[in-house]
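Asker: Here is the input, now give the coordinates:
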Amino acid sequence: MFKNNSLQSNWLVLRRLIALSAVCIATCMPVSSLQAAGPVIYERESKFGTVVVTDEGNNTRALRFGRDGVRQSLVKLDDPEHLALAYTAVALTGLTLCAEPKRILVIGLGGGTLPRFLRHHYAEATIDAVDINPEVAIAAITQLGFREDAAMRIHIADGRKFVESVREPYDAIFLDAYGADSVPVHLTTSEFMAAVRRALRPDGVVVGNVWSTSTRPPYAAIVSTYRASFDNLHVLRVRGTGNRILLATPHREYSELAALTDRGRQISAQKKFRFDLGQLFESSVMPLWSMPGGAVLTDAAMGI
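Answerer: As a prediction, this is how the structure comes out:
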């Protein structure tokens, strides 16, 4: 069930919101789309902006923030293994840097693409998906095929506050929270990364999805902050996009590129992924010496 930002169950309230959403869809739709990408089938205002779902055809829907927003998630309703946005498969290469995960945290639910894929392939894992915007969670459940179960739950909370409250550490933490066009600043500083490290098992991995053209905070500073906060860092490009995937660990195990490539191939074969994690890692990893330098981000410097 949903949990609210005090981490206590608030399902009845949100179920009512979902019911009201269904009434709105029935009485206020259809709404026509001005976008060639596909018609708008769902649109709700929130304190964080407008949550929009568009029909992309072939049983596929996109989550956007605003009608003119980029696709934050692209979900095929009947296929949890479908990863249409290139960054999602690259993010999953983080699985090569930890043992088989039993506890997984995803900060930034979006359309639920990552949690759905992980649930399909890691049926016994506990998966916590956190999003600050209840309207995103409602859209994920009512429009994008996301289904909670006893061990996969949505938490409505600020990602930083949730991480700071973690008592039982995770094997893998995916940081995939975005606003309309950038990562929230308070999820990039060294103080936040210290909290992430505390919430991670010693043999775990942190996977960050960032934008290489980010200016607030600067991409170079984000990379520098990850490097200063963890013992090991790999940066992967996502071809054809401005996304960069940061794989950070508090350990140096699996640090050799050849070993990671082999391990990725083994995981893909064992789990029957539709893509080869090893090949994807090998073709995407960037040399750290090519990374631009930047100042380490702090709460004080960012006005937090």
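Asker: what residue ranges in the stretch 201-304 of the chain score low on pLDDT?
Answerer: For the stretch 201-304 of the chain, the stretches flagged by pLDDT under 70 are 254.
Asker: please redo it, this time with the cut-off set to 90
Answerer: 213-216, 252-256, 287-293 (pLDDT under 90).
Asker: Tell me which residues of the longest strand seen in the chain come out buried.
Answerer: Assignment by DSSP state E gives strand 200-211 as the longest strand of the chain. Neighbour-count burial for strand 200-211, with 16 or more other C-beta atoms under 10 Å as criterion, is recorded at 200, 201, 204, 205, 206, 207, 208, 209, 210, 211. The way it works is simple: take the backbone N, C-alpha and C, and place the C-beta from them, glycine included.
Asker: And the furthest pair within those?
Answerer: Pairwise distances across the buried residues of strand 200-211 peak at 27.7 Å for 201 and 211 (criterion: C-beta to C-beta).
Asker: the strands in the stretch 101-250 of the chain, which residues?
Answerer: Along the stretch 101-250 of the chain, counting by DSSP state E, counting those that start in this stretch, strands occupy 103-107, 126-131, 152-156, 170-175, 200-211, 232-237, 243-249.
Asker: quick one: which of those is nearest residue 53?
Answerer: Nearest of these to residue 53, taken as C-beta to C-beta: strand 126-131 at 14.8 Å.
Asker: related to what we said a few turns ago, can you check which of the strands of the stretch 101-250 of the chain gets nearest to residue 284?
Answerer: Closest among the strands of the stretch 101-250 of the chain, using C-beta to C-beta: strand 232-237, at 4.0 Å.
Asker: Partner strands of that closest one, with direction?
Answerer: Using DSSP bridges, the strands paired with strand 232-237 in its sheet are strand 243-249 (antiparallel), strand 285-286 (antiparallel).
Asker: So what touches that strand?
Answerer: Here strand 232-237 makes contact (C-beta atoms under 8 Å, 6 or more residues apart in numbering) with 90, 93, 97, 223, 226-227, 243-249, 251-252, 255, 260, 281, 284-286, 288, 291.
Asker: Using CSV, write out every CA atom in that strand.
Answerer: The C-alpha coordinates for strand 232-237 follow below in CSV (Å, rounded to 0.1, in the frame of the first residue of the first chain):
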residue,chain,number,x,y,z
ASN,A,232,34.5,3.6,-6.4
LEU,A,233,32.7,5.4,-9.3
HIS,A,234,31.9,4.5,-12.9
VAL,A,235,30.3,6.9,-15.3
LEU,A,236,28.3,5.6,-18.2
ARG,A,237,27.0,7.5,-21.2
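Asker: I'd like the distance from it to the chain centre, please.
Answerer: Put simply, strand 232-237 sits 16 Å off its chain's centre (C-alpha atoms, centre = their mean, to the nearest Å).
Asker: Centre of the chain to stretch 168-184, how far?
Answerer: 5 Å.
Asker: same check, this time on stretch 165-181
Answerer: Remark: stretch 165-181 is offset 7 Å from the chain centroid, using C-alpha atoms, centre = their mean.
Asker: List the buried residues for that stretch?
Answerer: Buried, per 16+ other C-beta under 10 Å, within stretch 165-181: 166, 170, 171, 172, 173, 174, 175, 176, 177, 178.
Asker: so the third one makes contact with residue 95?
Answerer: No. Under the criterion of C-beta atoms under 8 Å, residue 171 is not in contact with residue 95, lying 9.5 Å apart.
Asker: and the strands of the stretch 101-250 of the chain as a markdown table, adding distance to residue 43?
Answerer: As requested, the strands of the stretch 101-250 of the chain are exported to a markdown table (distance: least, C-beta to C-beta, whole Å):
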| stretch | distance to residue 43 |
| --- | --- |
| strand 103-107 | 24 |
| strand 126-131 | 18 |
| strand 152-156 | 20 |
| strand 170-175 | 27 |
| strand 200-211 | 25 |
| strand 232-237 | 33 |
| strand 243-249 | 26 |
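Asker: Which one, of those strands, ends up nearest to residue 185?
Answerer: Closest to residue 185 of those, according to C-beta to C-beta: strand 200-211, at 12.1 Å.
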